[in-house]
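In: Build me a model from this:
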Amino acid sequence: MSNESNFFAGLIIGAVAGAVAGILAAPASGEETRTKIAGHASDFKDDMGVRFNDISERISNLENESLSNFREKFYDVKGGIKEQYAEVVSKVKDLEKDLKAKYKDLEKDAKNMEADIKNT
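Out: The predicted structure is shown next:
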């Protein structure tokens, strides 16, 4: 648990304990005291329900935001990889063309040398 969560948990527990102690120390009949305690318990339950819903909503929002950020970064990286792949493929094709041209030049030179040798 984070320090903030611990603080709020302590605050809530302290408030409940203080309310119960105040009610029990007040000069009232048993029935009145039980009614007050039941009322405070109901209020506490309602308050906890609201807080739980708020925390659940925050968690859901954080989850959605994190997932959205992850997807965005994933697609950025994926796009970058595709671009780099396309560049590499282009360079390989250029090298292939150069090598084929040099091979043809070498073949031509070899044929010329062969012809020169035959003519001498």
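
In: All the strands of the chain, residue numbers only.
Out: Counting by DSSP state E, the chain yields no residue ranges for strands.

In: From the contact counts, what lies against the top helix by length along it?
Out: The helix spanning the most residues in the chain, taking DSSP state H as the definition, is helix 30-119. If contacts are counted by 3 or more C-beta pairs under 8 Å, 6 or more residues apart in numbering; DSSP states H and E, helix 30-119 sits against helix 3-25. Glycine gets a C-beta too; all of them are placed from N, C-alpha and C.

In: Remind me what the helix it packs on packs against, helices and strands.
Out: Identification of packing neighbours for helix 3-25 by 3+ C-beta pairs under 8 Å, 6+ apart yields helix 30-119.

In: can you state the direction angle for the helix it packs on and helix 3-25?
Out: 170 degrees (axes from the mean of the first three to the mean of the last three C-alpha atoms, to 10 degrees).

In: still on that earlier bit, now the longest helix of the chain, how far from the centre of its chain.
Out: A distance of 11 Å separates the C-alpha centroid of helix 30-119 from that of its chain, computed with C-alpha atoms, centre = their mean, to the nearest Å.

In: Make 33 the first number, not 1, from now on.
Out: Shifting the count to begin at 33 puts that one at helix 62-151.

In: same question for that helix, mean pLDDT?
Out: Model confidence over helix 62-151 averages 90 on the pLDDT scale.
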